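Asker: the sequence and its predicted three-dimensional model are supplied below.
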Number of protein chains: 2
Amino acid sequence: MDALNHQSSRDTELLLQGGYAVQTPLQQFLEACHEEFAVNQSGNLADYIPELARVDPSGFGIAIATIDGHVYEVGDSRVPFTIQSVSKAFVFALALELLGEDRVEAAIGVEPSGEAFNSIRLTSDNKPFNPMVNAGAIACSGLIYRVEGKNAFERIRQSLCAFAGRDLDVDESVFESERATGNRNRAIAWLLHNYAVVENHVDDVLDAYFRQCAVLVTARDLAVMAGTLANRGINPITGKQVIKPHVVARVLSVMTSSGMYDYAGEWIYRVGIPAKSGVGGGIVAALPAQIGLGTYSPRLDSHGNSVRGLEVCKAISSRFDLHVLNRNADVRTCVMSDYDISSVSSRRSRQPHEQQILEDRHDDVRVLELVGALNFAAIDYITRRLAGTQSKASLLVLDFRRVPDLTMAGSRLLASTIKTLGGLGITVILSGVEATSNLISTVVSLTGDDRKPRHFLLLDDAIEWAEDQIIYRFGGFSVVKETSHLKEQALLADLTEAEIEAITSLATARHYKPGQQIVKAGEIANSVFFLQSGMVSIKLPSGVRLASLGPGKEFGEMAMIERTRSADVWADTDVQCLELPIDALTGHGALYPAVSLRILKNLSAVIARRLIQANAKIDVLSAY
Amino acid sequence: MDALNHQSSRDTELLLQGGYAVQTPLQQFLEACHEEFAVNQSGNLADYIPELARVDPSGFGIAIATIDGHVYEVGDSRVPFTIQSVSKAFVFALALELLGEDRVEAAIGVEPSGEAFNSIRLTSDNKPFNPMVNAGAIACSGLIYRVEGKNAFERIRQSLCAFAGRDLDVDESVFESERATGNRNRAIAWLLHNYAVVENHVDDVLDAYFRQCAVLVTARDLAVMAGTLANRGINPITGKQVIKPHVVARVLSVMTSSGMYDYAGEWIYRVGIPAKSGVGGGIVAALPAQIGLGTYSPRLDSHGNSVRGLEVCKAISSRFDLHVLNRNADVRTCVMSDYDISSVSSRRSRQPHEQQILEDRHDDVRVLELVGALNFAAIDYITRRLAGTQSKASLLVLDFRRVPDLTMAGSRLLASTIKTLGGLGITVILSGVEATSNLISTVVSLTGDDRKPRHFLLLDDAIEWAEDQIIYRFGGFSVVKETSHLKEQALLADLTEAEIEAITSLATARHYKPGQQIVKAGEIANSVFFLQSGMVSIKLPSGVRLASLGPGKEFGEMAMIERTRSADVWADTDVQCLELPIDALTGHGALYPAVSLRILKNLSAVIARRLIQANAKIDVLSAY
């Protein structure tokens, strides 16, 4: 917590670019805010217990946690203070999580009270107005006590720690002082007991509540806690799911309608960021899917809100239009590309007659590559796009590798479309998804395990599988020849039988077992291979597959123009092939130049074809 | 409005796919909702004027407008009814737009009143509580009257039409009846006049208000109007900006806190979609960046809200988790790719020494391709990514062609980073942006016209310009040779002087003027060109540039393996080149096979190099 420590944290913002340090505009803005508002010395320390009146009134820290896990910090962002009423939002979340909505909502309302936070007034049906006033917060502690008993406070502390992403302590002297003087809260607790909102053990419940208010946090902690709410319950630093998304929306709702005491309408109108303040000087504010903000400055206004904290909230909201109801989006960008296999095919090379089937039937396989976190509107757009084009595709690949998040509701919407299409005989294949994803489990629950859609981690594998179906359906596999004659090799096209025989006599027959390596990247390239039976895969040393080849294909042919092998070749099955040494070919070429010319021409044509395919793929990938 | 018309609209949902009709899941869900809630006959028609009590109580329509301009419709979605209090939200928007926030907010508050919509009670400083109660709405009409005078109602009607995207009429008998019996509203107006909230012409203001309430709309209209609010003020059907984004957030704020009468806390907690109802039976609900919902069913509950309309709102929200505070996002997907020019270079071919400079300095040019509507959090992520890597790039291309929307705040954040980087000598180049974009004007206003960043419509042009800077900085252009000898041609590499001379003797010197076409796609390919001076561009017949070439490059070389030209070639400058007929080359090859073999080998190598580049580009584009 010393100055040095602080400085080093700030330095993570200052990163070298061309030898200079650059600050991001948000860091610059927060520092300017800190400088501007530090001069404001209005407001007073809370003084209902001596401990709170003893803090340094000039303390002022600001922190912002982004949903991708970065934390901006300015000023006293690591000075500890007691969390006080800021805890109410998070303990309400814990109560919802532990007891379920029905039990919590039966005990506590969700309407603004229109009164001070420590009012003892209850609703007409004897419930606290909402969980953000003391009565509601004590009721929350009581609910948690019902489940956890004596462990209630420790359970609450652990939850606050999970929100903050670090271990949090209690200020024992603040706790003792609050317990000794908290007569009004004691009165509220007994009134709640009278109406059976707090069932039993009133003193223990009060102790848990007083302790919860005395937990020590920093502005940085509050930013991460708010960031967890902004990030659908996942702590953006630790990556842990602290509470469920549907609980988050409920917590943010009561923060919106009742978080900032009296002026709910003004707060949503002017700031528009769900927030909660505490008399310890802290404020949390969470903007869903964007940022979590934590501020610390202990001088309070007449409502008990931190004066400078409010200024920071207002400044950030107005400077960057950060109102929760101010959202921009364009659903159409969620489809990154939409193509059939005429422009993008799998990396598996096909036999000529297989290739012919795929060319004739190219619009039987359609691929949609999706991008971004998909919400309801984006998924609805995708379902309309699928319903809305007169696609002939009987196989539909949906690629999710660029989709970091898909809501449960979105999964349901998509699963329903997959089921509808399935009923029409359209096979939907998912790629870039884990078997354990929301989408897979939702589809399974809608359609049954036996109709679970095919799914692949790699798009290329999904396209290959779809191509296989087309070849199979149109009789391709039934005419597959297990072996190939050299005259079927593209490299030897247009040569006479005699010429091919002459070439064959220069080559050596090779046999490889499944899994055996045939060619190694980096070795001298001194021969060309003609695959006669079996399958091989061309791979980078990293293991990425560049192509899979079957009978009738050549490999290692770049040896005719390059001196070194650029990729590995592995036998996938039993492989029979002919290996033709480049030297022998060159010697032969000297005697029979027309043959050599033909082969080189064929080589150019083979590479040119690959180039045309590659350019088509680039056009598809760049077009969107 | 007949059944046939209705049916044809529904049919746009039913699109052929594989010969079958597919409904999207949302359409299915809305039809199920309609069926389920149609049986609910609770509630009563408004009867304070006879006209409202005369409508068909069983009428029930649902419509949803998506932000990409699709409208879902079920049931009586085109049955007209009077808009009543639903108009308040839109007239408040108009008042903010016409008079500015300060004048409107000085006259009308933004707090929930906690009372009935027709309460005459004002705040302690004698303002209506908010624009969603009658007093506030009459004050809005009064404000508009201050600016528009007798034209006030027509201005209001035009604004409602712009929201709905079609011309709207008034139900004159409802208007007359409301005017004849609206004594309570008359009292409110005179009270407002007493406090100078309504300045003058009280009867005219009241007439405008009564007329506004009698405008005829359908559920479909309400969906489009709500869709306009959800779409940042742009009507998703007409594409017109009806109100500014910052006005939208304010309107949605008061709808959230005061739109559904008494239960603001419950509404945001349980439904979480800003909404407004009217006693004519309509409800609008707008979920920012997702959907606009309009419902019609004239039976009202005791608060004056449409019974079935409320059920639809609740069902949609709960079924699809459509709470405004329930948002998912991952800012990281906004950067689609991030690379330097070692993997993706411009389509302009370079001289060998230029190419060498670009290879040595490949990390001097960095390209970020961005995707999606960029909000504050996404832009902040981009600025951190720019600050946060130890990039050596002195030229930075930011590509926006997949960015449909950038908020003004986002523009400011980015402009500030561009300025900071500029101060360090880093040149930022924008592509995929119009000169009139927010971003350009914001950057100019921050940095001055003279430091306006370079911007290009095409990414390729931006990369080419950046490459030019690198070549220029490292002395490349000073050594550019205006003309090239054939021995520098890649196709003729490794030939002896004598062999080259022999080839030259077979070729014909050609000269072309700027803009002249040299090769035409589709023609017979019977010659190869060697460019000696000037520049040519290879283009598709569509005009898309495939490559630009300078001295020392060959073109039309595919004639050696293909019979037809696949692209056009145009002279960009004065061009001198040699044209070598394929026939002559073949004849020569028969005599000097070693030369032909060498040339074909070179051709394979040239194409292979292009393939390697294309594959590198595919890897970059597919990786993200």
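Answerer: That came in fine, so what should we check first?
Asker: how about the closest residue to chain B within chain A, what does it touch?
Answerer: Across chain A, the shortest distance to chain B (Cβ to the nearest Cβ) belongs to residue A:593, at 3.1 Å. Quick note: C-beta positions are derived from backbone N, CA and C, even for glycine. Contact analysis of residue A:593 by Cβ atoms under 8 Å, 6 or more residues apart in numbering or on different chains lists B:589, B:593, B:594, B:596, B:597.
Asker: around the nearest residue to residue A:490 once chain neighbours are set aside, count how many other residues there are.
Answerer: Distance criterion Cβ to Cβ, 6 or more residues apart in numbering or on different chains; nearest residue to residue A:490, sequence neighbours excluded, is residue A:606 at 5.3 Å. Residues near residue A:606, counting by other Cβ atoms under 10 Å in any protein chain shown, number 20.
Asker: interface residues of the stretch 501-624 of chain A facing chain B?
Answerer: Within the stretch 501-624 of chain A, the positions near chain B by Cβ under 8 Å from any Cβ of the partner chain are A:558, A:560-562, A:589, A:593-594, A:596-597, A:600-601, A:603-605, A:607-608, A:610-611, A:614-615, A:617-618, A:621-622, A:624.
Asker: what secondary structure does residue A:124 sit in?
Answerer: coil (DSSP: H, G, I helix; E, B strand; the rest coil).
Asker: pLDDT value on it, please?
Answerer: Here, the pLDDT recorded for residue A:124 equals 86.
Asker: circling back to that earlier point, quick one: buried residues of the strand or helix carrying the residue nearest to residue A:490?
Answerer: Residue A:606 is part of helix A:593-623 when elements are defined by DSSP states H and E. Residues of helix A:593-623 classed as buried under the neighbour-count rule (16 or more other Cβ atoms under 10 Å in any protein chain shown) are A:593, A:595-608, A:610-611, A:613-618, A:620-622.
Asker: stretch A:285-298 too?
Answerer: Of the residues in stretch A:285-298, A:285-298 count as buried by neighbour count, 16+ other Cβ under 10 Å.
Asker: coming back round to it: please identify which pair of the contacts of residue A:593 lies farthest apart.
Answerer: B:589 and B:594 (9.2 Å; Cβ to Cβ).
Asker: residue A:309 - how many residues pack around it?
Answerer: By other Cβ under 10 Å, the residues close to residue A:309 number 33.
Asker: check which helices and strands the helix or strand containing it sits against.
Answerer: For residue A:309, the host element (DSSP H and E) is helix A:307-319. Contacts defined by 3 or more Cβ pairs under 8 Å, 6 or more residues apart in numbering or on different chains; DSSP states H and E place helix A:307-319 against helix A:25-38, strand A:275-277, strand A:282-287, strand A:291-296.
Asker: adding distance to chain B, write these out as a markdown table.
Answerer: Output for those, formatted as a markdown table (distance: least, Cβ to the nearest Cβ, whole Å):
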| stretch | distance to chain B |
| --- | --- |
| helix A:25-38 | 4 |
| strand A:275-277 | 12 |
| strand A:282-287 | 8 |
| strand A:291-296 | 6 |
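Asker: SS state for the most centrally placed residue in chain A?
Answerer: Taking Cα atoms, centre = their mean, the centroid of chain A lies closest to residue A:404, which sits 3.2 Å from it. Three-state assignment for residue A:404 (three-state DSSP): coil.
Asker: contact partners for it?
Answerer: Going by Cβ under 8 Å, 6+ apart, residue A:404 touches A:372, A:373, B:330, B:332, B:333.
Asker: and the least confident of these?
Answerer: Lowest pLDDT among those: residue B:330, with 81.
Asker: what's the closest non-adjacent residue to it?
Answerer: residue A:404 (3.8 Å).
Asker: related to what we said a few turns ago, and of the contacts of residue A:404, the nearest to residue A:473?
Answerer: residue A:372 (33.9 Å).
Asker: next, the contact list for that closest one, please.
Answerer: Residues near residue A:372 by Cβ under 8 Å, 6+ apart: A:333, A:334, A:378, A:402, A:403, A:404, B:329, B:330, B:333, B:334, B:371, B:372.
Asker: kindly report the same for residue A:208.
Answerer: The contact partners of residue A:208, by Cβ under 8 Å, 6+ apart, come to A:141, A:144, A:145, A:152, A:153, A:156.
Asker: is it correct that the second one is in contact with residue A:157?
Answerer: Meaning residue A:144. No: taking Cβ atoms under 8 Å as the definition, residue A:144 is not a contact partner of residue A:157, at 11.3 Å.
Asker: between these two, which has more neighbouring residues?
Answerer: Set residue A:144 next to residue A:157 and count neighbours by other Cβ under 10 Å: residue A:144 wins out with 27 against 19.
Asker: the helix or strand that one falls within - contacts with which helices or strands?
Answerer: In the assignment (DSSP H and E), residue A:144 maps to helix A:134-148. On a contact count with 3+ Cβ pairs under 8 Å, 6+ apart, helix A:134-148 meets helix A:87-99, helix A:101-107, helix A:152-164, helix A:183-194, helix A:202-213.
Asker: Throw those into TSV and include distance to residue A:463, thanks.
Answerer: Output for the helices and strands packed on helix A:134-148, formatted as TSV (distance: least, Cβ to Cβ, whole Å):
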stretch	distance to residue A:463
helix A:87-99	42
helix A:101-107	44
helix A:152-164	42
helix A:183-194	62
helix A:202-213	55
